[in-house]
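Novice: just to be clear, the model below is a prediction. Sequence and coordinates:
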Amino acid sequence: MSGHEFLDSLIVFGPVPSRRLGRSLGVNNIPPKICSYSCVYCQLGRTHHFSSSRKTYYQPEDIFERIKARTDVIIKKGEKIDYITFVPDGEPTLDAKLGLEIDMAKTLGFKTAVITNSSLIGLDCVKNDLMKADLVCFKVDAVQEDIWKKIDRPSKNISLKTVLEGIKSFSKTYKGRLITDTMLCGGLNDDARHIIELASYLGSIGACSNYISTITRPPAENTAKKPSEEKLNGAFQAINMAGGRAELNIGFEGVDFSSSGKAEEGFLSIISVHPMREDAVMAFIKNTGADPGLIEDLKLRGEIVETIYAGEKFFIRKINGPRA
Ligand code: SF4
């Protein structure tokens, strides 16, 4: 790889398959790792370059040129791109030229997405830039100040109240696809009282999906732990009950049940995303003609666990299981 190609691959990467975005061509619009947070679970390690003010890092024309060169190659190969996604190794809205870069990327005829930690959404210029994207994913790990500080470790001049109000006000006028992502960490933000408050906030946003994620790669701090399946299911149910649309994102890619035709894979694929109540599991087994011993077998193999929520039995994919 030449020096030029190496720089190109730093700015534009992929496309990579993503459950949330399909085939996503990633854009690294800021140098690594400049961020307004230093999340305990960050897979990029601790933040050494804290920033909460926007500036220009690259010339938008340079970014555009690299996106265009990459999309030309992908199109020539007959491959598909679902989104051009601004998802750098840091916080994309710190880039003062983000809006212009989105405008330029859109001229190529692809949808655009931004995955943000939400910290700067209180700024009108950030709101205006994000309005241009076809999809915005907001991180919402906590709605209580002390928990937010422990998990996301924000830069001093960011206020949680401004962040939460900013997302809410954005959601009222945004016409694109708005989603949220919550990283659930054991012992940090998975306390039942916090989950109820978080669920109530997420339910008020009206997002297309509220993803609940867990750690899937080595975190910045070894204090960051996966939650239990019980907490994961509790968060899922609480968000749905509050009017949100919860979906699990726990590191298992879905299996196309209709094409695989295998009940076991189909079942595992569904409960990786949506914990299933016992009566729904029974209906699934009946409708697919699966072996009635399937559930016991999966439990014994450590692929699934049973958990109780509000007196009902649910089955969920085991996150610390053999394939986790
Ligand atoms: S916001 Fe993202 S990049 Fe920044 S520290 Fe958190 S996980 Fe890492």
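Specialist: Nice, I can see it. Numbering: from 1, shown residues only.
Novice: give me the contact list for the helix or strand containing Lys68.
Specialist: Using DSSP states H and E, Lys68 sits within helix 60-76. Under the criterion Cβ atoms under 8 Å, 6 or more residues apart in numbering, residues 8, 11-12, 15, 25, 27, 29, 81, 84, 97, 100-101, 104-105, 108, 110 lie in contact with helix 60-76. In short, each C-beta sits where N, CA and C put it, glycine included.
Novice: which of those fall in strands?
Specialist: When DSSP state E is applied, the contacts of helix 60-76 are split such that Val12, Pro15, Leu25, Val27, Ile84 fall in strands.
Novice: and the least confident of those?
Specialist: Within these, the minimum per-residue pLDDT falls on Pro15 (88).
Novice: ok, Cys165 - contacts?
Specialist: One thing to correct before we go on: residue 165 is Glu, not Cys. Applying Cβ under 8 Å, 6+ apart to Glu165 gives the contacts Gly122.
Novice: is it within a helix or a strand, and which one?
Specialist: Residue-wise, Glu165 maps onto helix 160-173 under DSSP H and E.
Novice: let me see the mean pLDDT of the helix holding Lys68.
Specialist: For helix 60-76, the mean pLDDT works out to 95.
Novice: now it: buried residues?
Specialist: Burial within helix 60-76, assessed by neighbour count using 16 or more other Cβ atoms under 10 Å, is assigned to Pro60, Ile63, Phe64, Arg66, Ile67, Arg70, Thr71, Ile74.
Novice: hmm, which two among those are most spread apart?
Specialist: Put simply, by Cβ to Cβ the two of those set farthest apart are Pro60 and Ile74, 20.7 Å from each other.
Novice: return the member of the contacts of helix 60-76 nearest to the ligand.
Specialist: The ligand has its nearest neighbour among these in Asn29, at 12.9 Å by Cβ to the nearest ligand atom.
Novice: measure the nearest residue to that closest one once chain neighbours are set aside to the ligand for me?
Specialist: The shortest distance from Asn29 to any non-neighbouring residue, by Cβ to Cβ, 6 or more residues apart in numbering, is to Asp95 (4.7 Å). Here the criterion is Cβ to the nearest ligand atom, to the nearest Å. By it, Asp95 lies 13 Å from the ligand.
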